[in-house]
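In: sequence and computational prediction follow.
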Amino acid sequence: MFRALLLEKTADDVTCRVVDLDDDRLPDGNVTIAVDYSTLNYKDALAITNTSPIVRAWPMVPGVDLAGVVEASADDRYAPGDRVVLNGWEIGETRWGGLTTHTRVDADWLVHLPDAISTRQAMAIGTAGYTAMLCVLALEEHDVSPEQGPVVVTGAAGGVGSVAIAILSGLGHEVHAVTGRADEQGDYLRALGAAEIIDRATLTDPPRPLGRATWSGGIDAVGGTILANVLSMTKPHGCVAACGLVQSMDLPTSVAPFILRGVALAGVNSVYEPVERRRQAWSRLASDLDPDRLESMIGEIGLTDVTDVAPSFLDGSVKGRIVVDVRR
């Protein structure tokens, strides 16, 4: 038997409950994992609350992340006792996800955890932190360095934003953090390394084609008008890494930042990233993310708490990272 959070669709509604299942319900795959921790992300909250059609196969175990220990493997790359992490690959959407005590997955989706990162820390990082690291790599590949001036992080109190601030400040960048809760979250963001707190409202008006050149680069998790304003305020030859759409999928901008300042917009898709890129990101997380700053972001809950906590993501009241101990 194993325990899982199960989403089931009926004619009238979607139900979400913790259930005990027989082992013959484990999904197909060539590696069996005892899951230690999962996490909650914005996408998970949309699925659990049935707010957006994230789930495309029913019934579904949600959770786009998991970390645990290999119990059995038919693939030579993994052996019992190996500590592994899985992000993306449509788990929690078309394939059963991480909010479970056991699962079975394809070996191609896994990455060995670096020795410096525990399974709990891996889920404190999760897809959000792994995506933040991919964004940092994109900025570096566009030659954004601390010497070129401040960088901006939008959605700063969220999972991607929190980890991005911690990484960038640790690398020597002056980080400007954009949040809609400046009074409430200012101390938290400064503790992560933010040098300046910017009220989100200052970036919500329709952007001018070119604003005052302020930032050498940025990481954006919200999209919409805020991303458009960030682009218009990016310095010549700067880069903005875009990885989210919490505000909007729209991008009401012009070509001006791109053709008059040579600004680059780097899209980051963490779901299908090749394994070598994943290994690079996790290796850099092991070396560049201060574990004390990571610990300051963590709120921990049990599997039975998930349905109560998930709606908090939709009203913007969650800060940092929510780790789920699936064994309680």
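Out: It's in.

In: quick check: end-to-end length of stretch 197-213?
Out: With Cα to Cα, to the nearest Å applied, stretch 197-213 spans 18 Å between its terminal residues.

In: name the residues of that stretch that are buried.
Out: I197, I198, R200, L203, P207, L210, G211, A213 (16 or more other Cβ atoms under 10 Å). (C-beta placed from N, C-alpha, C; glycine too.)

In: could you find the closest non-adjacent residue to the fourth one?
Out: Closest residue to L203 in three dimensions, ignoring its sequence neighbours and counting by Cβ to Cβ, 6 or more residues apart in numbering: N229, at 4.3 Å.

In: starting at the chain centroid, how far to the strand or helix carrying that neighbour?
Out: Assigned by DSSP states H and E, N229 belongs to helix 224-232. Between the centre of helix 224-232 and the centre of its chain there are 20 Å (Cα atoms, centre = their mean, to the nearest Å).

In: pull up the gap between the residue most central in space within the chain and A256, please.
Out: In the chain, the residue lying closest to the centroid (Cα atoms, centre = their mean) is A128, at 1.3 Å. The gap separating A128 from A256 is 31 Å, by Cβ to Cβ, to the nearest Å.

In: over to D75?
Out: Applying Cβ to Cβ, the value for D75 to A256 is 50 Å.

In: try L139
Out: Using Cβ to Cβ, L139 is found at 21 Å from A256.

In: pairing partners for the helix or strand following the helix holding N229, with directions?
Out: Following helix 224-232 in sequence order, the next helix or strand is strand 234-242 (DSSP H and E). As defined by DSSP bridges, the strand partners of strand 234-242 come to strand 215-220 (parallel), strand 264-267 (parallel).

In: now the helix or strand following strand 234-242: buried residues?
Out: Downstream of strand 234-242, the first helix or strand assigned by DSSP H and E is helix 256-260. Neighbour counts over helix 256-260 (16+ other Cβ under 10 Å) mark A256, P257 as buried.

In: if Y37 is in a bridge, with which residues?
Out: Using DSSP bridges, the beta-bridge partners of Y37 come out as A67, D325.

In: so it touches R321, yeah?
Out: No. In this structure, Y37 is not within contact of R321 by Cβ atoms under 8 Å, at 10.9 Å.

In: more crowded one of these two?
Out: Counting neighbours by other Cβ atoms under 10 Å for Y37 and for R321 shows that R321 has the greater number, 27 against 24.

In: correct me, but that one touches I298?
Out: Yes. Contact criterion Cβ under 8 Å: R321 and I298 qualify, at 5.5 Å.

In: next, show the common contact partners of these two.
Out: The overlap between the contact sets of R321 and I298 (Cβ atoms under 8 Å, 6 or more residues apart in numbering) consists of A124.

In: highest mean neighbour count out of the strands paired with strand 234-242?
Out: Sort the strands paired with strand 234-242 by mean neighbour count, taking mean count of other Cβ atoms under 10 Å, and strand 215-220 sits at the top with a mean of 29.

In: against T304, how distant is G320?
Out: From G320 across to T304, the span is 21 Å (Cβ to Cβ).

In: which one of the two is surrounded by more residues?
Out: Counted by other Cβ under 10 Å, G320 and T304 do not tie: G320 has more neighbours, with 21 against 13.

In: give me the number of residues near the nearest residue to that one once chain neighbours are set aside?
Out: Leaving aside its sequence neighbours, G320 sits nearest to M297 (Cβ to Cβ, 6+ apart; 3.4 Å). For M297, the count of nearby residues is 24 (other Cβ under 10 Å).

In: what residue ranges in the stretch 201-328 of the chain score low on pLDDT?
Out: Within the stretch 201-328 of the chain, no range satisfies pLDDT under 70.

In: which outside residues touch the host helix or strand of D183?
Out: Assigned by DSSP H and E, D183 belongs to helix 182-192. Helix 182-192 is contacted from outside by 156-157, 162, 165-166, 169, 177, 179, 197-200, 293, 296-297, 319-320, using Cβ under 8 Å, 6+ apart.

In: domain assignment for the protein?
Out: 2-113+295-325, 127-267 (automatic domain parsing).

In: please convert those domains to a markdown table, extending it with distance to W282.
Out: Output for those, formatted as a markdown table (distance: least, Cβ to Cβ, whole Å):
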| stretch | distance to W282 |
| --- | --- |
| domain 2-113+295-325 | 6 |
| domain 127-267 | 7 |
